[in-house]
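Enquirer: here's a sequence, model it:
(one chain, ligands or ions: 1)
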Amino acid sequence: MAPRIQSPSSINTYKQCPRKYYYSYIEKLPTKPNIHLIRGKLVHTVLEDLFKISIEDLDNSNYNEKLKNRIQNMLVIEWKKNEQQLKRLGLYKDDLQFYFDETMLMVLNFMNNFLYRVESRIKKGESFREAFKNLTPLTEKKYISYEHKVQGFIDAIEEIDDEISLIDYKTSKTARISSEYKLQLAIYALLYNEKHKKMPHKVGVNFLKDVTHYLDVDEELLKLARFEIEQIHMSTETNEKDEYPMKPGPLCRWSTGQCDFYNHCFGKK
Ligand code: SF4
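Expert: Numbers count the residues shown, from 1 in each chain. Now for the predicted structure:
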């Protein structure tokens, strides 16, 4: 069997629990939508679209307020577009409002961090439009390596002052580059390096509740990516369920939810 194309998320799923990988990527069992998935997608759309808007009406005197208003409006519109899907989650009205408010804080925090960078460039002599253009990343780029049989979507690629950074946006509670995130970033660096034949300088996670945390890209990071990709291909050669053991842990069931495959593993409880 030809090795299937893996991704940072499939590799991390396997490392979390091989049986979960089996159900997700081999049996491809349906999963239930949840607020974190819907909200994550929605925020990504807003942040991607932000850099496509016209800035013709903005200048040094008005950009700050107008950009803040704009991102708030974009979130409201995107939230509305997903209203039916959000309703189907069956959350209490207050809980849904909490998530909306929290998401608004995230996009405003993103904007404040962005505006801070715009302002620094203006202080160095650029106009607002020059600064906006120079700080605009390439967004949502799909990379695929047929050599390593792995793919990934990079949220933002920045090339600023001759420094290339690959950024992933996260809505997570904790602003820390965990081993899962590190692997995801390492794979992005590998994909970028293979396609463009040059190393990015940094990879990072923009924690939307916080700031961007970076890692330097070096040969060690690429080695980690190559090693983990090799491991997953070796571990997933077969389609036999028994070869994907269950790895019970706190992510099987927690106070407010459970793994999508809990009933398959443990029956209805
Ligand atoms: S319920 Fe637990 S053991 Fe079963 S697939 Fe999910 S994480 Fe793995």
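Enquirer: helices of the protein, start to end?
Expert: 8-16, 18-21, 35-50, 63-81, 83-87, 93-123, 128-135, 179-196, 219-235, 262-266 (DSSP state H).
Enquirer: can you lay out these as CSV showing mean pLDDT and mean neighbour count?
Expert: In this view, the C-beta of every residue, glycine as well, is placed from N, C-alpha and C. Formatted as CSV, the helices of the chain follow (pLDDT from 0 to 100; neighbours: other C-beta atoms under 10 Å):
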stretch, mean pLDDT, mean neighbour count
helix 8-16, 97, 19
helix 18-21, 98, 20
helix 35-50, 95, 17
helix 63-81, 97, 16
helix 83-87, 95, 12
helix 93-123, 97, 15
helix 128-135, 96, 16
helix 179-196, 97, 21
helix 219-235, 97, 16
helix 262-266, 95, 14
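Enquirer: Throw those into JSON lines and include distance to residue 253, thanks.
Expert: Shown next, in JSON lines, are those (distance: least, C-beta to C-beta, whole Å):
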{"stretch": "helix 8-16", "distance to residue 253": "14"}
{"stretch": "helix 18-21", "distance to residue 253": "13"}
{"stretch": "helix 35-50", "distance to residue 253": "16"}
{"stretch": "helix 63-81", "distance to residue 253": "29"}
{"stretch": "helix 83-87", "distance to residue 253": "24"}
{"stretch": "helix 93-123", "distance to residue 253": "20"}
{"stretch": "helix 128-135", "distance to residue 253": "43"}
{"stretch": "helix 179-196", "distance to residue 253": "20"}
{"stretch": "helix 219-235", "distance to residue 253": "25"}
{"stretch": "helix 262-266", "distance to residue 253": "6"}
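Enquirer: export the ones you listed as CSV, with columns for distance to the ligand.
Expert: Formatted as CSV, those follow (distance: least, C-beta to the nearest ligand atom, whole Å):
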stretch, distance to the ligand
helix 8-16, 7
helix 18-21, 4
helix 35-50, 16
helix 63-81, 30
helix 83-87, 24
helix 93-123, 24
helix 128-135, 40
helix 179-196, 14
helix 219-235, 15
helix 262-266, 3
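Enquirer: who wins for proximity to residue 56 among those helices?
Expert: Evaluated over the helices of the chain, closeness to residue 56 peaks at helix 128-135, with 8.9 Å, by C-beta to C-beta.
Enquirer: that closest one: how far from the chain's middle?
Expert: 24 Å (C-alpha atoms, centre = their mean, to the nearest Å).
Enquirer: what sits up against it?
Expert: Contacts to helix 128-135, defined as C-beta atoms under 8 Å, 6 or more residues apart in numbering, come from residues 55, 58-60, 63, 114, 117-118, 121-122, 126, 158, 160.
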